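Student: Would you be able to build a 3D model of this:
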Amino acid sequence: MSKKDLYINELTSCLKEMVSEDLKAGAAAPLSDIPGGCYISQLIVGDYTAFTALYAEESALNGFASAYAKFDVSPDDRDEILADFLNMTNGRFAVLLSNSQSVECTLSVPEYKPPGTVTLRSDSVAIPVEFPFGSICFIFSE
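Tutor: Presented below is the predicted three-dimensional model:
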């Protein structure tokens, strides 16, 4: 199984466990550019490097943050909670790589601005996930 497939499986598992079992994950689709609305991202660095991010419309981001936190989230706290989810998912993925493939990685601090300095590679994908509160799109680029 490729590392990208491992990541998608771990992401789906985290979403079901931490956010909502009521979701529909779409097929990973090739992505050539980072969408303009994408402003929460995190790098996985080390023996293996990847770029991860999430984006959605405001209402979906608010719903996602509240579902993950299990309480109504204020607009001031939303981005920290979204970054926490990304950090938690990427951390679990890094542990999976270490335990199953002896690949050691660390995580960068989540970024809250458009990642203009990141160039996506040709194997980058967008992973759309539908929830009752809206659609969230996750980006994964090796």
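Student: all strands of this structure, in order?
Tutor: With DSSP state E as the criterion, the chain has strands at 24-25, 29-30, 40-46, 50-55, 105-107, 125-131, 134-141.
Student: out of those, which comes closest to residue 89?
Tutor: strand 50-55 (7.8 Å; Cβ to Cβ). All C-beta spots, glycine's among them, are computed from the backbone N, C-alpha and C.
Student: which secondary structure elements does the closest one contact?
Tutor: helix 3-18, strand 40-46, helix 75-101, strand 134-141 (3 or more Cβ pairs under 8 Å, 6 or more residues apart in numbering; DSSP states H and E).
Student: What's the separation between the residue lying farthest from the centre of the chain and residue 79?
Tutor: Distance from the C-alpha centroid of the chain peaks at residue 102, with 22.5 Å (Cα atoms, centre = their mean). In this view, residue 102 and residue 79 are 34 Å apart by Cβ to Cβ, to the nearest Å.
Student: returning to what we had before: quick one, which of the strands of the chain is packed in tightest?
Tutor: strand 50-55 (a mean of 23; mean count of other Cβ atoms under 10 Å).
Student: Compute the inter-axis angle for that strand and strand 40-46.
Tutor: Angle, strand 50-55 to strand 40-46, by axes from the mean of the first three to the mean of the last three Cα atoms, to 10 degrees: 170 degrees.
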